[in-house]
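[1] turn this into a model:
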Amino acid sequence: MYNSKQMNRNENNLQTNIKPIESKERSSTPHNKLWRMVKTIIAKMRGYFPITSMGVVYISLLILTFIYIALAMDDIVWVTSALALLCIGCLMIIAVVIGSISTYIAWKKHLEESHSDISVQCSFSTPTDLELSIWPIPFIEVETKCLYPPHVELDCRQTFTQVREYATAQRRCNVEYLERLITVKDILGLAAVSWQTKENIKFKAFPAPGKIQRSSITVSMSNGEDLSDPFGSPKGDLIEMRKYTPGDSSRNILWKIYARSRKLVVRMPENALTAKPRTCAYLISVIKDEASAGLARVILESNLLGANWCFGADGCNGTVDTIAGALEFLATSGNPENECCNLQKFLIEAGQKGYHSCFVFVPSSYGKWINIAQQAAKSSHLAITWLIGFDSVLEKLENDNKWEKYIYKDVIKSEEDPSRVAMTLGSKTTPVVLCERSTGRIINDAQNYFRNIRRAV
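    The predicted model follows:
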């Protein structure tokens, strides 16, 4: 009892000691909010201040040179040179200010016009809808920088009166708006004016297929059984016919047709019932998945999944069964907000719809997603095939070059290498297929491939 009472007293003393500290923190919060407000205002106004740090140093040195050297020495050459250089700096600042006004007016006019959606392909420079008509002012440059979505580089190609923007996406995305940082600066870097803008326009970046072609994909597609679901609806004629070939049973010959046309025709049992959905596909979206997304795009656009397929991806709700919808899912899966793996939910819904097999496109980087994918595959009755796309070049070591063995040994142990993913996911029931996007090479048995490399190393 004494110990408990003593502990309660100590706790009360601690609470009384903490109270004034909390009051001090609360009293200081208004100052913190004010300081944060001032910092945000300074950060916003910094872009509108036309002189850069380099310009401040340039003008300061010229003023000091003019006062302490030119006037002190009373030398006309120093005075003329200092004044001329100072006038050049002032002209650059004036040109940037006028150019920024012209660019801002052109930007406002651009926002008032209606524009269509922007669709680009990753790793390719594509012109956007931004085309500004500016005043013919010399010595200025207009630059744009993409703030959202990330992994998008903007490049402005400028003439004397026109500015044309080009976008290069390093990662696929599907967003509803673009955030830019527009900067007008001089060619010497003495002055610059910048401001942030937001344009409500859909921007879609689709994965690049690289050198992957339909003819190079030798993945064994799931063809299902010879006979389809007996509960499916029939299609075509009730009886199929073909010409007689030696070895056919005489009981299947249609003698009435032979009597009319003198041609031997054999009746064949029909197995053309409408097949139930058999193959589906899913894309796991994390870092280093652009090559896998490119592989998925080639397979979807080439209709290599067969009939009655469906596609799902991380960050997308539900499934789609059209190529246009699948490409939309591919682009959306690359958004920066997507960080969850919904493979297990997709496999459960696919099993309920009657699918037999599933192609899962996985990244080449090892991460937490791999445990989620393994658990989802074990709990599903679908026949799963893992497909890994990667861009790095891995070749079999058939020679005895020690330097190459040392280099490839480090590559295989790297966390970003697909070998670790393939050896972890692969099993007898779940094969792993590799696709090298830079060359278009397909490796059907990934585990055996990496075993041979490790033996060579």
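
[2] can you show me the helices along the protein?
    2-46, 53-65, 71-73, 76-112, 255-261, 290-301, 323-332, 343-353, 369-378, 402-413, 418-425, 446-456 (DSSP state H).

[3] pull the CA atoms of the last one into CSV?
    Read it as helix 446-456. Extracted in CSV, the C-alpha atoms of helix 446-456 (Å, rounded to 0.1, in the frame of the first residue of the first chain):
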residue,chain,number,x,y,z
ALA,A,446,13.5,-18.2,-65.1
GLN,A,447,14.6,-20.4,-62.2
ASN,A,448,16.7,-22.7,-64.4
TYR,A,449,18.2,-19.7,-66.1
PHE,A,450,19.4,-18.1,-62.9
ARG,A,451,20.6,-21.4,-61.5
ASN,A,452,22.9,-21.8,-64.6
ILE,A,453,24.2,-18.2,-64.1
ARG,A,454,25.0,-18.9,-60.5
ARG,A,455,26.8,-22.1,-61.4
ALA,A,456,28.8,-20.2,-63.9
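
[4] what angle do it and helix 418-425 make?
    120 degrees (axes from the mean of the first three to the mean of the last three C-alpha atoms, to 10 degrees).

[5] any idea how far helix 446-456 is from the middle of the chain?
    Counting by C-alpha atoms, centre = their mean, to the nearest Å, helix 446-456 is centred 30 Å from the centre of its parent chain.

[6] tell me what it is packed against?
    helix 402-413, helix 418-425, strand 432-436 (3 or more C-beta pairs under 8 Å, 6 or more residues apart in numbering; DSSP states H and E). All C-beta atoms are positioned from the backbone trio N, CA, C, and that covers glycine.

[7] give me the neighbour count for residue 307.
    For residue 307, the count of nearby residues is 11 (other C-beta atoms under 10 Å).

[8] distance of it relative to residue 278?
    8 Å (C-beta to C-beta, to the nearest Å).

[9] domain assignment for this protein?
    The chain resolves into domains spanning 80-206, 236-272, 279-456 when parsed by automatic domain parsing.

[10] could I get those domains in CSV, plus columns for distance to residue 60 and mean pLDDT?
    Below are the domains of the chain laid out as CSV (distance: least, C-beta to C-beta, whole Å; pLDDT from 0 to 100):
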stretch, distance to residue 60, mean pLDDT
domain 80-206, 11, 94
domain 236-272, 86, 71
domain 279-456, 42, 83
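
[11] let's have the ones you listed in TSV, adding distance to residue 36.
    Below are the domains of the chain laid out as TSV (distance: least, C-beta to C-beta, whole Å):
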stretch	distance to residue 36
domain 80-206	18
domain 236-272	71
domain 279-456	25
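
[12] what's the closest of the helices of the chain to residue 119?
    Of all the helices of the chain, helix 323-332 sits nearest to residue 119, with 8.7 Å by C-beta to C-beta.

[13] so residue 390 touches residue 418, yeah?
    Yes: between residue 390 and residue 418 there is a contact under C-beta atoms under 8 Å: 4.7 Å.

[14] mind listing the shared neighbours of those two?
    When contacts are counted by C-beta atoms under 8 Å, 6 or more residues apart in numbering, residue 390 and residue 418 have 364, 434 as shared neighbours.

[15] looking at those two, which one has more neighbours?
    residue 418 (29 against 26).

[16] so who does the more buried one touch?
    Residue 418 touches 364, 388, 390, 394, 434, 446, counting by C-beta under 8 Å, 6+ apart.

[17] if any of these are buried, give me the PyMOL selection for them.
    Buried subset of the contacts of residue 418, written as a PyMOL selection, criterion 16 or more other C-beta atoms under 10 Å:
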select buried, resi 364+388+390+394+434+446
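
[18] want to throw the contacts of residue 418 into CSV with distance to residue 377?
    CSV is the format used below for these (distance: C-beta to C-beta, whole Å):
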residue, distance to residue 377
364, 18
388, 14
390, 20
394, 24
434, 18
446, 16
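
[19] around residue 211, how many other residues sit close by?
    Per other C-beta under 10 Å, the neighbour tally for residue 211 reads 13.

[20] give me phi/psi at it?
    Per-residue torsions, residue 211: phi -100, psi 10 (degrees, to the nearest 10).

[21] show me what contacts the residue lying closest to residue 281 once chain neighbours are set aside?
    Leaving aside its chain neighbours, residue 281 sits nearest to residue 359 (4.4 Å; criterion: C-beta to C-beta, 6 or more residues apart in numbering). Neighbouring residues of residue 359 by C-beta under 8 Å, 6+ apart: 219, 279, 280, 281, 282, 299, 305, 384, 385, 387.

[22] from residue 147, how far out is residue 359?
    36 Å.

[23] equivalent analysis for residue 361, please.
    30 Å.

[24] flag every buried residue along stretch 375-387.
    By neighbour count with 16+ other C-beta under 10 Å, stretch 375-387 contains the buried residues 376, 377, 380, 382, 383, 384, 385, 386, 387.

[25] taking these one by one, which sit in strands?
    Using DSSP state E, the subset of the buried residues of stretch 375-387 located in strands is 383, 384, 385, 386, 387.

[26] wait, doesn't the second one sit right on residue 360?
    Yes: shown here, residue 384 and residue 360 form a contact pair, counting by C-beta under 8 Å, at 5.9 Å.

[27] shared neighbours of the two, which are they?
    Here residue 384 and residue 360 have residue 377 as joint contacts, going by C-beta under 8 Å, 6+ apart.

[28] now do the strands in the stretch 201-350 of the chain.
    203-206, 240-243, 265-268, 279-283, 310-313 (DSSP state E, counting those that start in this stretch).

[29] hey, which of those strands is tucked in deepest?
    Sort the strands of the stretch 201-350 of the chain by mean neighbour count, taking mean count of other C-beta atoms under 10 Å, and strand 279-283 sits at the top with a mean of 27.

[30] what's next to that strand, contact-wise?
    Contacts of strand 279-283 (C-beta under 8 Å, 6+ apart): 221-222, 289, 292-293, 296, 299-300, 305-306, 309-314, 319, 329-330, 333, 343, 346-347, 350, 355-361, 382.

[31] list the strands paired with that strand, with their directions.
    strand 310-313 (parallel), strand 357-362 (parallel) (DSSP bridges).
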